[in-house]
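In: Build me a structure from this.
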Amino acid sequence: MDITTLVLFVLGFILLSYGANMLVQGSENLATTMGISPLVVGLTIVAFGTSAPELAVNMQAAWTGKPDLAVGNIIGSNILNILLILGIGAIITPLGVHRRLVKVEIPLMIGASILLLLLSLDGILNRWDGLILASGIIGYIIYSVKTCHELKNPEEVCPPETDKNTKKIWLQLLFIAVGLGLLVIGSQWLVNGAIMVAKYYGIGELVIGLTIVSIGTSLPEIATVIVASRRGQQEIVVGNVIGSNLFNILLVLGFTSLIAPNGIAVPNAAIVFDMPIMIAVALACLPIFFTGYLIKRWEGILFLFYYFVYSLYLFLNVTDHSMLPAFNNVMYWFVIPITIITLLAFVLESIKNSKQ
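Out: Numbers count the residues shown, from 1 in each chain. Next comes the predicted model:
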């Protein structure tokens, strides 16, 4: 194995740490300076920036003829963003969820996930599919910025404007740009090292994309969530995750499908298993998020548990382990039914409380 790549792998962690601090600090100050809610900043600027590694990896994968890696990267990242990143953030501090996310962004995320599955049923994402997806993100960005200033009660999402001379906008933009640059470079070094190790041990491209690459390209989100949670910027935390999932599907896969010479072939395994899991995880957000509009610590632990279960399944499946049938039985007959019952209980409790 290449020693230089391993050294860059380690240095990538350092860049991620510094980049996340600069990104969160710059975004927070920019929101205050321009009178824009941190929620909107998290849904747009921060989400776009932390999705940059996915875009870079997917463009490279599309041009080098590795569709499994491109598709697996996005599906794995979206599953990881909710289960792992929000899980970590909620354990650090319970995360408040803005009502707008439950009413607008989460339904959009669910809709985008279902749309991706429908467009993939023929086994390929062609340029027309890419155009549909890319058009969606353009419309969403316009909507997000426009609604921030057209609400009847601006304080609900957009805080009152402050004196724009107190902090120079260009300085905050510079902080954001440098922070994003460090995040992209650091995550790319980490991904390259991880792929090298995985290929050394003979792991397939789809699994690499679903696990190692998705973790690597989601490291900016992980670093951003940890820093933002510690700084008390909960709107940036949750907004970044939901916004990043939207950008991953609509922008990253949309743009990648547009530039890929022959489109992006979608593996059948992704269509019949991984995409439905991504949709199920997105659907699970609704009952958890609108019960008190708070992601509690125990719910964060639950998210982490399910990410561990999903990763364990991928490992057992790729290695054709003898425990796989028993694992599937436990999932189908115990874990999944208990999860559905728990989510229904959340919904009924929320409806009951709303009537009181």
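In: Need the three-state assignment for residue 87.
Out: Under DSSP: H, G, I helix; E, B strand; the rest coil, residue 87 falls in the helix class.
In: from now on call the first residue 453
Out: Got it, the first residue is 453 from now on, which makes the last one we talked about residue 539.
In: Identify the residue spatially nearest to it, adjacent ones excluded.
Out: residue 755 (3.4 Å; C-beta to C-beta, 6 or more residues apart in numbering). For every residue, glycine as well, the C-beta is placed using N, CA and C.
In: Tell me the helix or strand right after the stretch of helix or strand residue 563 belongs to.
Out: Element membership for residue 563, per DSSP states H and E: helix 558-572. Using DSSP H and E, the helix or strand that follows helix 558-572 towards the C-terminus is strand 576-577.
In: So which elements touch that following strand?
Out: strand 716-717 (3 or more C-beta pairs under 8 Å, 6 or more residues apart in numbering; DSSP states H and E).
In: which element follows the strand it packs on toward the C-terminus?
Out: That would be, after strand 716-717 and using DSSP H and E, helix 720-721.
In: outside of the helix or strand following that next one, which residues touch it?
Out: For helix 720-721, the following helix or strand on the C-terminal side (DSSP H and E) is helix 727-742. Contacts to helix 727-742, defined as C-beta atoms under 8 Å, 6 or more residues apart in numbering, come from residues 527, 530-531, 534-535, 549, 553-554, 558-559, 561-562, 565-566, 568-569, 572, 694, 697, 747, 751, 758, 762, 791, 795-796, 798-799, 802.
In: and helix 727-742, which residues are buried?
Out: Applying a neighbour-count criterion of 16 or more other C-beta atoms under 10 Å, one finds 727, 729-731, 733-734, 736-742 buried in helix 727-742.
In: how about JSON lines for these, with pLDDT and distance to residue 522 added?
Out: Shown next, in JSON lines, are the buried residues of helix 727-742 (pLDDT from 0 to 100; distance: C-beta to C-beta, whole Å):
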{"residue": "727", "pLDDT": "90", "distance to residue 522": "14"}
{"residue": "729", "pLDDT": "88", "distance to residue 522": "18"}
{"residue": "730", "pLDDT": "91", "distance to residue 522": "15"}
{"residue": "731", "pLDDT": "91", "distance to residue 522": "19"}
{"residue": "733", "pLDDT": "88", "distance to residue 522": "20"}
{"residue": "734", "pLDDT": "89", "distance to residue 522": "20"}
{"residue": "736", "pLDDT": "82", "distance to residue 522": "25"}
{"residue": "737", "pLDDT": "83", "distance to residue 522": "25"}
{"residue": "738", "pLDDT": "80", "distance to residue 522": "28"}
{"residue": "739", "pLDDT": "77", "distance to residue 522": "32"}
{"residue": "740", "pLDDT": "76", "distance to residue 522": "30"}
{"residue": "741", "pLDDT": "76", "distance to residue 522": "29"}
{"residue": "742", "pLDDT": "71", "distance to residue 522": "33"}
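In: For those residues, give me JSON lines that also has distance to residue 706.
Out: As requested, the buried residues of helix 727-742 are exported to JSON lines (distance: C-beta to C-beta, whole Å):
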{"residue": "727", "distance to residue 706": "16"}
{"residue": "729", "distance to residue 706": "21"}
{"residue": "730", "distance to residue 706": "16"}
{"residue": "731", "distance to residue 706": "18"}
{"residue": "733", "distance to residue 706": "21"}
{"residue": "734", "distance to residue 706": "18"}
{"residue": "736", "distance to residue 706": "25"}
{"residue": "737", "distance to residue 706": "22"}
{"residue": "738", "distance to residue 706": "24"}
{"residue": "739", "distance to residue 706": "29"}
{"residue": "740", "distance to residue 706": "28"}
{"residue": "741", "distance to residue 706": "26"}
{"residue": "742", "distance to residue 706": "29"}
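In: and of those, the nearest to residue 684?
Out: Nearest to residue 684 among those: residue 741, at 19.2 Å, using C-beta to C-beta.
In: I'd guessed residue 705 sits against residue 524; true?
Out: No: in this structure, residue 705 is not within contact of residue 524 by C-beta atoms under 8 Å, at 11.5 Å.
In: Since that was my last question, I'll sign off now.
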